[in-house]
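Visitor: Make a model of this:
(2 chains)
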There are 2 protein chains.
Amino acid sequence: MSLSFVEMAESLKPDLIEKKVYPTRLVEAEADSEAFQGWAVRETGSIATLRDRAFTKGDSIILDFGDHHVGRLTLSLESVDARADSPVRLKFIFGEMPCEIAEDFDEYNGWLDRSWLQDEIVNFDVLPGTYTLPRRYTFRYLKIEVLSPARKFKVAFPDIYVTTETSADVTQVPPLPDDMPEDLREMDRIAVKTLQDCMQTVFEDGPKRDRRLWIGDLRLQALANYYTFNNHDLVKRCLYLFAGLRLDGGQVGACVYEKPEPARDDIYLYDYSLFFVSTLYDYDLASEDRETVNELWPIVMEQIELSLLRLDEQGIVKDDASWYCFTDWHEKLNKQASAQAILIYCLKRGLALAERLELQAEAAAIRNHIELASEAALTHLWDERQGFFVSGEDRQISWASQVWMALAEVLDPQANAALLERLFEVNPDIRPMTPYMYHHLIEALITVGNKDKALEQMKAYWGQMARDGADTFWEVYNPEDKKNSPYGSNLINSYCHAWSCTPTYFIRKYFLQP
Amino acid sequence: MSLSFVEMAESLKPDLIEKKVYPTRLVEAEADSEAFQGWAVRETGSIATLRDRAFTKGDSIILDFGDHHVGRLTLSLESVDARADSPVRLKFIFGEMPCEIAEDFDEYNGWLDRSWLQDEIVNFDVLPGTYTLPRRYTFRYLKIEVLSPARKFKVAFPDIYVTTETSADVTQVPPLPDDMPEDLREMDRIAVKTLQDCMQTVFEDGPKRDRRLWIGDLRLQALANYYTFNNHDLVKRCLYLFAGLRLDGGQVGACVYEKPEPARDDIYLYDYSLFFVSTLYDYDLASEDRETVNELWPIVMEQIELSLLRLDEQGIVKDDASWYCFTDWHEKLNKQASAQAILIYCLKRGLALAERLELQAEAAAIRNHIELASEAALTHLWDERQGFFVSGEDRQISWASQVWMALAEVLDPQANAALLERLFEVNPDIRPMTPYMYHHLIEALITVGNKDKALEQMKAYWGQMARDGADTFWEVYNPEDKKNSPYGSNLINSYCHAWSCTPTYFIRKYFLQP
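Guide: Reported below is the predicted structural model:
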């Protein structure tokens, strides 16, 4: 059964669409305290001047490819002044952002392996020659440092380009109406590019890092995809991968690997396993592919049942200090209330699916669980005096808990709207840290009918990212701390990150004039 | 005409013979003042223990492949303790000799480009996986340093091997007789391996550096080849390359490149252009391929005529301070007398060829030039009082000048023998520096009938190289200064160098009992 899920997934592996893209100009990175993360990019010459230049040991150039790209680098090398009589040794540094070409990777000291940083030292034996580096890179900027030759000859770069790769077909994206305001149009463009660059043979979380299929990202990518590239097969492929690569206990894992062959990771997250339910629910709405939904329905029930096992005698998700639930990258965030809310949110989507599939018994059972979990939340997590949901032993009040409870619609509509108004008024310290959590904040505001506030928040967050120079939207963005990283270094942040692509979903779903 | 020579050469490009070779043990390089160049190699474990080990950032191993090899590295990578969740970044250092794996390439400060040193930093995206590095390496030792992972998982090397490449067919090498003394048998074995590793799609000078076809090396490789692998087509290919890629003035260049397509270099050396004559002479003797010899004969006459243009009004090769003639790697060596002798030596082989081809007019003309050049040498370069040939304005007396005059047989046989006896007695300061010059010393001793001295010198020179740990014979060897390098660093010396392969030629031509 599992094997055939993976086989089905593999049969849906898309061909990648390739496109040659040439650099547009030569630049340098300049320290500038006003610029994002302290680095401004300054043009030093047109790309045409590259043809007339020859380089020797110690020389370097930075090429700007004009936009964020994912693909393979091809370069032609020629010797100048004399025939090359020794190999040429070059260092390549690929950067999504100016910090990567300005700061020294060798001083990197973050919490993820340095090998995510995209630099290479390559020796080329034969000149003249045209070489395509074997790995895929994710970048806008390319720094080339000449380590050799130092003597008889110089090296020139008569041709250099990237062959971009994506499974996203840009011709499928519906144009926005002419009256769309420029700031939203720009936000949409960047979001679509973010999604495009993450769409490979799976929906990757980030094409620089981790280049992997996470279900938390998949869920949001799929939503954005339905309004843009509308590639149902890629969502289907990813659902089958998660279904076919469940953990030993039956849980949908948090992420899966594609290569060398599809394989599970060992990471289980409470919220992520439940998102299989909502992702299939969204897929059903978008695709009406009832065959797939029918086939995957048992996995939905399995995830629901497994998740219910974590409820304590009060019907509340058992809290613990481990990383059992993701919710957001926030060191101090307690996950209990958001986990409870996500359970309810996904139970509701499971119920809707069961009803659509006309599974009466399952629908009744799920309806009962929704009632119990919601009652438990109101009884044990709702602090009537403060007007907030609390989480964990310390009764923490966070943005994430309120946002998810609003999305789970535990309160009645009026109280739900009031909850979010109060959230903005009181502004608890434990704020959203990532575009992923901001997505849920926006969706919650729309859920309670506050589209104006949703739009204002989108403009304040993704709009500010765009003003800070985003070519694609980022994994992490804190307008108050622009070098923030959950990994100890902003160099290793992913600057094209799937979970950040949803402005296009919001704009196209909620903000197109009829 | 020239084009068709290159086309002929290309039609003779050999297929390479491949063979998988596995490492034999784990070692380390240990400082040891008694060892060659100060580095001893100590075994630290059997290769079987590698299978049980897993490595993390900062770990390194040195593999000993048991002998000198030329080929491509294949390695399998596996993750241990956890699935690899980031790329693996490894540094590879390939060494022909212990110095290369013991000393830091980053401190290299020689006069040739550092890119000849064989190190790579490679990032591997997918584990488990089997990778073949794209470049060819020349090595016995391989050091692997793990730069990443540092965190969740470790990396193991379940399989690693080199696929060796050569155009030399070892099954063609005649076995030595059973009564061959062990020291000569060993010298022959090392010499044959040296030639084998240099035999690729051309006779390379050194498979580590310069990986190029030089005619000075070709001449000696061809001689050794006729007594071992006996691959006439490879010699023929190289002769056609030199014939087809002559310099603008018609001179045979000192070296040619094969890739990306056959091309001349701009280096002209007086002696090297003349060696086209003697190399074709040797080829004719070995192959009896009269068709090739007839076709290339005009190039022989052209080289002779061009070389004669350098004679001054006294009939002596014009000296100058530039690198116009190679002879040997010796800073102080004056080349005039050796150039004169090489002219005479090659004229004599040209004459023999003309006679074999029954070209009476050409034979008569060359005979006349031999007489004039020999007379000029005796008149202007022979110092009767000292009993030596002198060279240059300062009337320098060197080993090279006497050796080459002996090979040119300018003196009568008795005086020629006496010249070499006197050379050993007086022992002028300007001594042979390379195996290339030692080859000519040995050949000269044999020419004057002193086979015992020839054997003694071979044992003292190549024999000592063998005792110093040569797996293949070296480009440079000075028993009095074992770190000697013409390039400012022993790291960049070629430790498998074509011109060092002739002990097998001497042993098999002159020292087999009938």
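Visitor: Output the longest helix along chain A in CSV, but only the C-alpha positions, please.
Guide: If you go by DSSP state H, chain A has its longest helix at helix A:336-356. Only the C-alpha atoms of helix A:336-356 are listed here, as CSV (Å, rounded to 0.1, in the frame of the first residue of the first chain):
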residue,chain,number,x,y,z
GLN,A,336,0.0,24.0,23.7
ALA,A,337,-2.8,26.4,22.8
SER,A,338,-1.8,26.6,19.2
ALA,A,339,-1.5,22.8,19.0
GLN,A,340,-5.1,22.5,20.4
ALA,A,341,-6.3,25.1,17.9
ILE,A,342,-4.6,23.4,15.0
LEU,A,343,-6.2,20.1,16.0
ILE,A,344,-9.6,21.8,16.0
TYR,A,345,-8.9,23.6,12.7
CYS,A,346,-7.9,20.4,11.0
LEU,A,347,-10.8,18.4,12.6
LYS,A,348,-13.1,20.9,11.0
ARG,A,349,-11.5,20.4,7.6
GLY,A,350,-11.6,16.7,8.1
LEU,A,351,-15.3,16.9,8.9
ALA,A,352,-16.0,18.9,5.7
LEU,A,353,-14.1,16.3,3.7
ALA,A,354,-16.0,13.5,5.3
GLU,A,355,-19.3,15.2,4.5
ARG,A,356,-18.2,15.8,0.9
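Visitor: which of the residues in it are buried?
Guide: Within helix A:336-356, the residues scored as buried using 16 or more other Cβ atoms under 10 Å in any protein chain shown are A:336-354. Bear in mind the C-beta positions are built from the backbone N, C-alpha and C, glycine included.
Visitor: So which of those residues would count as near chain B as well?
Guide: Among the buried residues of helix A:336-356, not one lies near chain B by Cβ under 8 Å from any Cβ of the partner chain.
Visitor: ok so, going back, tell me which helix or strand comes right after the longest helix of chain A.
Guide: Next in sequence after helix A:336-356, counting helices and strands by DSSP states H and E, comes helix A:360-376.
Visitor: Show me what counts as buried in that next one.
Guide: For helix A:360-376, by 16+ other Cβ under 10 Å, it's A:362-363, A:365-367, A:369-370, A:373-374, A:376.
Visitor: do stretch A:276-295 as well
Guide: Applying 16+ other Cβ under 10 Å to stretch A:276-295 flags A:276-284, A:286-287, A:292-293, A:295 as buried.
Visitor: And for stretch A:501-514?
Guide: A:501-508, A:511.
Visitor: ditto for stretch A:436-449
Guide: Within stretch A:436-449, judged by 16+ other Cβ under 10 Å, the buried ones are A:436-448.
Visitor: closest to residue B:204 among those residues?
Guide: Closest approach between the buried residues of stretch A:436-449 and residue B:204, by Cβ to Cβ: residue A:436, at 57.2 Å.
Visitor: Over the host helix or strand of that closest one, what's the mean pLDDT, rounded is fine.
Guide: Assigned by DSSP H and E, residue A:436 falls within helix A:435-447. Mean pLDDT, computed over helix A:435-447, is 98.
Visitor: Give me the contacts around the helix or strand just after that helix.
Guide: The C-terminal neighbour of helix A:435-447 among helices and strands, as given by DSSP H and E, is helix A:451-467. Helix A:451-467 has contacts (Cβ atoms under 8 Å, 6 or more residues apart in numbering or on different chains) with A:183, A:186-187, A:190-191, A:420, A:424, A:435, A:438, A:441-442, A:445-446, A:473-474, A:477, A:479, A:500, A:503, A:506, A:510-511.
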